[in-house]
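# Just the structure for this:
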Amino acid sequence: MKITALAVATVCVVVATHAAETKPTSPRKVNFANLMQKSSGPGTHYLYENGHEDTPFTGIAVRKYPDGRKTETHFVKGKGNGISVMWHPNGKKAMQVTLVDDKPHGQLTMWDDKGKVTAQKTYKNGKEVKPSK
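Below is the predicted model:
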């Protein structure tokens, strides 16, 4: 009985340790001021974190403005890839768009400071495909 309980406890510890090791981590958030842009030819650029100039930045760049506005943009390998969101000083969402290789792709939505939608546009590879409402 004691051996069985010990074996079960050992299996539980191993499973719990494995689950903790394989658990996905949240993207790192970095102040946009700690990032720098490097060109890799005409019309191309990538963001790098200061101190890590050999590896394009992957994570979320956060920018806070003196008036209280805030932006968060997801980057993968130095390019805007994922959601980019801006908030009004009162904390209400001001704008949201998905980026693919730094270009808007999908729906861009803008809101006023009361939360009312003021514009919606649809993009494909950085080009508007549906006029604003």
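
# Now do the SS call for Ala119.
Three-state call for Ala119 (DSSP: H, G, I helix; E, B strand; the rest coil): strand.

# For Gly106, give me its contacts.
97-98, 122-123 (Cβ atoms under 8 Å, 6 or more residues apart in numbering). Placement of C-beta: from N, CA and C, glycine included.

# and what of Glu53?
36, 38.

# did I read that right, it in a strand?
No: assessed with three-state DSSP, Glu53 is coil; it does not lie in a strand.

# Spatially central residue in this protein, please.
A centroid search over the chain (Cα atoms, centre = their mean) returns His74, at 2.3 Å, as the residue closest to the centre.

# quick one: it and Phe57, what's the gap?
Distance, His74 to Phe57, using Cβ to Cβ, to the nearest Å: 11 Å.

# Distance of Gln37 relative to Ala61?
11 Å.

# which neighbours do those two share?
Common contacts of Gln37 and Ala61, defined by Cβ under 8 Å, 6+ apart, comprise Leu47.

# Between those two, which is the more surrounded one?
Shown here are Gln37 and Ala61; by other Cβ atoms under 10 Å, Ala61 has more neighbours (22 against 10).

# Help me confirm that the more buried one comes into contact with Val30.
Yes: contact criterion Cβ atoms under 8 Å: Ala61 and Val30 qualify, at 5.9 Å.

# following the worst-scoring helix or strand of the chain on mean pLDDT, which helix or strand shows up next?
Least confident helix or strand of the chain, by mean pLDDT, DSSP states H and E, is helix 2-22 with a mean of 48. The helix or strand immediately downstream of helix 2-22 is strand 29-31, counting by DSSP states H and E.
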